[in-house]
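Novice: A predicted structure for the sequence below; I have some questions about it.
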Amino acid sequence: MSHPKKRILLIIGGGIAAYKCLDLIRRARERGFAVRALMTKAAGEFVTPLSVGALTGDRVFQDLFSLDDEREIGHIRLSREADLIVVAPATADLMAKMAGGHADDLATAVLLATDKPVLIAPAMNPYMWRHPATRRNADLLRGDGVAFIGPNVGEMAERNEAGPGRMAEPLEILTAIEARLARPTSALPLSGRHVLVTSGPTHEPIDPVRYIANRSSGKQGHAIAAAAAALGARVTLVSGPTTQPDPKGVDVIRVEAARDMLAAVEASLPADCAIFAAAVADWRVATESDEKIKKDGKKAAPKLELIENPDILKTIAHEGPGRRPTLVIGFAAETETVVAFAQRKRKSKGCDWIVANDVSPETGIMGGDRNTIHLVTADGVEDWPEMDKVAVAEALIARAADHLLSITANA
Ligand SMILES: Cc1cc2nc3c(=O)[nH]c(=O)nc-3n(C[C@H](O)[C@H](O)[C@H](O)COP(=O)(O)O)c2cc1C
């Protein structure tokens, strides 16, 4: 693929992975991109401006207060004369400054002054990546529309360190660059689509103060809603009780019990895609007591008779034409024979895809930040690598967007 007119401003941060930028520049230029590079002060400790400039074939910019640079090009022009800004490696420090809106060096001033899309390739030690401060900063940056590639999971440069934090490889970054540039900002892949998502647990009342619940945190469902909104969809999120903040730009309907969730979902149709990530209770108490059940004077504990809740996934998957979403995706949270069960569930519920995950306590998935899923479709089973729930959400929504586009293209 050749991109004669596309200009990338590459901001190199001060991390070990900076050396990979030399390869990234070479490969980007081979594909016809014009690359201009800007290095942070710390980046100069890892790669030299001489090597970077030799590969870009251009001046390398480093100093906000350089009289020559500011007179000839200036930080505002640098930020505008690019089609895409790529930050690689995006260090923890650079991410924090971006999230905080700092502008005390050339890199951060350019990033704050830009009106262009920004793609970052984080690279850092796994402890830095998992730190709550970095998690917060990553969420803020995603909310600001910054696109991420990686980090990957693997060995670190430091001995005996492994986990999430390896910078994506240059070819992966190039693929993300091409995907980002191929997408006009005015026409996001889910523009004009309605995506309906359920999230969180349900609370099934026993009496006015007690309920039956489960351990679902809502992290995965809320991340899916946020990812769909980021790709331009109108998103309705029907959420059971969770402590997750409302994703930006999403219509949130809060419910408690499974029956309320079904009613809210039905009232939100039609939708192009419906994703049922909520952990809906299978059973509820047959007769909910209007008064708090008291123990005084009673010898035996009350017996709770359970009856089945409505099956939201199956109900919506069997809606008639005009009501059934084009793509219906269910979740299967299991503790054994996860994939075989999910394959059966896809057929019995009549949905299109099942996202299956193992929620045995030792996986830490229920309530945790990471997820390992198997995507079960009519074509087979894909085993995805372990990723954080935001990355799972983004990948799933990208797949759903492709699927909807291919259906429209073939219609
Ligand atoms: C040997 C060495 C390697 C480092 N590698 C990384 C790294 O991979 N990721 C990171 O976020 N910080 C790393 N740091 C810390 C950053 O260099 C430091 O936070 C610096 O202020 C980042 O500046 P910048 O983000 O403005 O480029 C490293 C530091 C040293 C001394």
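Specialist: Thanks, I have it.
Novice: which other helices and strands contact the longest helix seen in the chain?
Specialist: Using DSSP state H, we find that the single longest helix of the chain is helix 389-410. If contacts are counted by 3 or more CB pairs under 8 Å, 6 or more residues apart in numbering; DSSP states H and E, helix 389-410 sits against helix 132-143, helix 219-230, strand 273-276, strand 327-334, strand 370-371, strand 373-377. Every C-beta, even on glycine, is put in place using the N, C-alpha and C of the backbone.
Novice: and the ones you listed, which one averages the lowest pLDDT?
Specialist: With a mean of 80, strand 370-371 has the lowest mean pLDDT of the helices and strands packed on helix 389-410.
Novice: shaky segments in the stretch 101-250 of the chain?
Specialist: Where the stretch 101-250 of the chain drops to pLDDT under 70, the residues are 159, 183-187.
Novice: can you say which of the helices and strands packed on helix 389-410 is nearest to the ligand?
Specialist: helix 132-143 (8.7 Å; CB to the nearest ligand atom).
Novice: any chance of JSON lines for the helices and strands packed on helix 389-410, columns distance to the ligand?
Specialist: Formatted as JSON lines, the helices and strands packed on helix 389-410 follow (distance: least, CB to the nearest ligand atom, whole Å):
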{"stretch": "helix 132-143", "distance to the ligand": "9"}
{"stretch": "helix 219-230", "distance to the ligand": "23"}
{"stretch": "strand 273-276", "distance to the ligand": "33"}
{"stretch": "strand 327-334", "distance to the ligand": "34"}
{"stretch": "strand 370-371", "distance to the ligand": "20"}
{"stretch": "strand 373-377", "distance to the ligand": "28"}
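Novice: about what we covered before: got the contact list for the longest helix of the chain?
Specialist: 138-139, 142, 148, 189-190, 193, 195, 219-220, 223-224, 226-228, 230-231, 272-273, 275, 326-327, 329, 355, 369-371, 373, 375, 384, 387 (CB atoms under 8 Å, 6 or more residues apart in numbering).
Novice: got a markdown table for the helices and strands packed on helix 389-410, with mean neighbour count and distance to Arg77 too?
Specialist: Converted to a markdown table, the helices and strands packed on helix 389-410 look like this (neighbours: other CB atoms under 10 Å; distance: least, CB to CB, whole Å):
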| stretch | mean neighbour count | distance to Arg77 |
| --- | --- | --- |
| helix 132-143 | 16 | 24 |
| helix 219-230 | 28 | 29 |
| strand 273-276 | 28 | 41 |
| strand 327-334 | 23 | 44 |
| strand 370-371 | 22 | 42 |
| strand 373-377 | 21 | 44 |
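Novice: in CSV: those, plus distance to Glu158.
Specialist: Shown next, in CSV, are the helices and strands packed on helix 389-410 (distance: least, CB to CB, whole Å):
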stretch, distance to Glu158
helix 132-143, 17
helix 219-230, 29
strand 273-276, 38
strand 327-334, 35
strand 370-371, 21
strand 373-377, 29
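Novice: which parts of stretch 45-55 are buried?
Specialist: Judged by neighbour count using 16 or more other CB atoms under 10 Å, the buried positions of stretch 45-55 are Phe46, Val47, Pro49, Val52, Gly53, Leu55.
Novice: what's in contact with it?
Specialist: Contacts of stretch 45-55 (CB under 8 Å, 6+ apart): 12, 14-16, 18-19, 21-22, 25-26, 29, 35, 37, 39, 59-60, 62.
Novice: restricting to C-alpha, output it in CSV.
Specialist: Extracted C-alpha coordinates of stretch 45-55, given in CSV (Å, rounded to 0.1, in the frame of the first residue of the first chain):
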residue,chain,number,x,y,z
GLU,A,45,19.1,9.0,26.2
PHE,A,46,17.9,6.0,24.1
VAL,A,47,18.3,6.9,20.4
THR,A,48,20.2,9.7,18.8
PRO,A,49,18.7,12.5,16.7
LEU,A,50,21.3,11.6,14.1
SER,A,51,20.0,8.1,13.5
VAL,A,52,16.4,9.3,13.6
GLY,A,53,17.0,12.2,11.2
ALA,A,54,19.0,9.9,8.9
LEU,A,55,15.9,7.7,8.6
